[in-house]
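Student: no letters, just coordinates:
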């Protein structure tokens, strides 16, 4: 129950105001009563209310006129009309004008509480939903994706250009973890679409036998177990964007249907011959080389060319290291909000370590690593020992001459230590001995226990 909510009651009959205030006060609401529309507007200017209950027939300003005035100033404020039996038609007409519900006199106490509680809950959910959408808009807007890297700046610039063409097919390429879906959502949002009409499908995560139905839906009786009609992702994406992640893993037998959707802008449900118009943009993403997939026979060449209308390549994080401080601070700010504790930030040594890392997992790896660090620091400054960085397989320079071995390792100042040298040397020995620990130990003239 939305206990404590503020309710404004508007009625020109004092006894009715007294009765309804008693009902609502007993239910835990904070109730204010006024005798007319003018007083109601004055109260609304002075106090934020969560719901208005107004009589339909009143002198000076009736309930319908008050509704119009309130809707012009407070469009989302729940409004309930109270009317006698003889004016039900007027109340129904008022709902078409924007009222949320109506109640009949004499009031039924249980019905009053149910209507009030339902509208207050709906308003609460709407506020929560709007807050979620606003958060997504902030998270996925191009403004939140600013970059100091010139190569990433060019990527964002071309992405913003194609956002102005809301039906152009876009192909986003890049290594795993670079943020292909994040960029796809930014393009969708910049196209003026609602975030709820962005529908993502991971082609590699859905079994081949289910992917067609997942995409296009199916008719009742289309196959064993299809006991009812089902809408697919294409239906949900109408007016927005269908995002096909890992498009390189789409089954070969399904690719002609995607090609037809892109060429003719229509699709059919499984088990149906009725064509449905495809009124949405398609954005695909892959970490694979689709041209190479075509040569291997796992991807159709005609579909590849149809998807390659507007390709966008996202550079890996190791090629734009200058963005790491900015990305790190962005993630830390997110964790401050989620964890509800102060996070002073990164020490210089920790930041140097992040910048020198090669990031095989790209931006996703950076985010996950910082989330772990913010938890184990307990609100302290993040230092190198808090960063769960795996030892990189950094190549070493090796020379063999007259039974002599010369090794050369490169370290940043932040990561250099005796332990780091030992780990790098052990990694070299394991590589030379094809991961045989006993042989590597003999090569280093050390105990096998050292490798554990």
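Tutor: Cool, the structure landed. Owing to the predicted nature of the structure, the values given are computational and were not obtained by experimental measurement. Residues are numbered from 1 along each chain as shown.
Student: for the protein, what are the low-confidence residue spans?
Tutor: Residues of the chain meeting the criterion pLDDT under 70: 1-3, 85-88, 91, 133-138, 390-403, 411-415, 434-435, 448-452.
Student: and the strands in it?
Tutor: Secondary structure of the chain (DSSP state E): strands at 6-10, 30-34, 51-55, 79-83, 101-104, 170-173, 198-202, 241-245, 266-268, 275-277, 281-286, 310-313, 397-401, 404-408.
Student: so how far is the longest one from its chain's centroid?
Tutor: So that's strand 281-286. Strand 281-286 sits 16 Å away from the centroid of its parent chain (CA atoms, centre = their mean, to the nearest Å).
Student: try the first one
Tutor: Centroid displacement of strand 6-10 relative to its chain, using CA atoms, centre = their mean, is 37 Å.
Student: just list the residues touching the nearest residue to residue 239 once chain neighbours are set aside, thanks.
Tutor: Nearest residue to residue 239, sequence neighbours excluded (CB to CB, 6 or more residues apart in numbering): residue 197, at 5.4 Å. Just so you know, the C-beta spots here come from the backbone N, C-alpha and C atoms, and that holds for glycine as well. Residue 197 makes contact with 188, 236, 237, 238, 239, 240, 241, 280 under the criterion CB atoms under 8 Å, 6 or more residues apart in numbering.
Student: with neighbour count added, can I get these in JSON lines?
Tutor: As requested, those are exported to JSON lines (neighbours: other CB atoms under 10 Å):
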{"residue": "188", "neighbour count": "27"}
{"residue": "236", "neighbour count": "16"}
{"residue": "237", "neighbour count": "24"}
{"residue": "238", "neighbour count": "15"}
{"residue": "239", "neighbour count": "13"}
{"residue": "240", "neighbour count": "20"}
{"residue": "241", "neighbour count": "23"}
{"residue": "280", "neighbour count": "25"}
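Student: of those, closest to residue 70?
Tutor: residue 239 (30.7 Å; CB to CB).
Student: pretty sure residue 214 is touching residue 206, no?
Tutor: Yes: checked against CB atoms under 8 Å, the pair residue 214 and residue 206 is within contact range at 5.4 Å.
Student: coming back round to it: can you say which of the strands of the chain is nearest to residue 161?
Tutor: Comparing the strands of the chain against residue 161 with CB to CB, the closest turns out to be strand 310-313 (8.9 Å).
Student: and the contacts of the closest one?
Tutor: Against strand 310-313 from outside (CB under 8 Å, 6+ apart): 155, 158, 159, 162, 168, 169, 170, 171, 172, 173, 174, 183.
Student: list buried residues within those.
Tutor: By neighbour count, with 16 or more other CB atoms under 10 Å, the contacts of strand 310-313 hold 155, 159, 162, 168, 169, 170, 171, 172, 173, 174, 183 as buried.
Student: list the contacts for residue 180?
Tutor: Taking CB under 8 Å, 6+ apart as the test, what residue 180 contacts is 172, 173, 174, 245, 285, 287, 314.
Student: now it: closest residue in space, sequence neighbours ignored.
Tutor: Nearest non-adjacent residue to residue 180, counting by CB to CB, 6+ apart: residue 285, 3.9 Å away.
Student: which residues does that neighbour bridge with?
Tutor: Beta bridges link residue 285 to residue 172, judged by DSSP bridges.
Student: my read: it touches residue 182, true?
Tutor: No: using CB under 8 Å as the test, residue 285 is too far from residue 182 to be in contact (10.3 Å).
Student: higher neighbour count, those two?
Tutor: Between residue 285 and residue 182, residue 285 has the larger neighbour count (other CB atoms under 10 Å), namely 26 against 16.
Student: gap between the residue nearest to residue 284 when sequence neighbours are not counted and residue 308?
Tutor: Nearest residue to residue 284, sequence neighbours excluded (CB to CB, 6+ apart): residue 247, at 4.0 Å. According to CB to CB, to the nearest Å, residue 247 and residue 308 sit 11 Å apart.
Student: ok, residue 21 - contacts?
Tutor: Residues near residue 21 by CB under 8 Å, 6+ apart: 9, 31, 33.
Student: ok, so of these, who is nearest residue 77?
Tutor: residue 9 (13.9 Å).
Student: about what we covered before: which two in the contacts of residue 180 are spaced the farthest apart?
Tutor: Largest separation among the contacts of residue 180 by CB to CB: 245 and 314, giving 13.3 Å.
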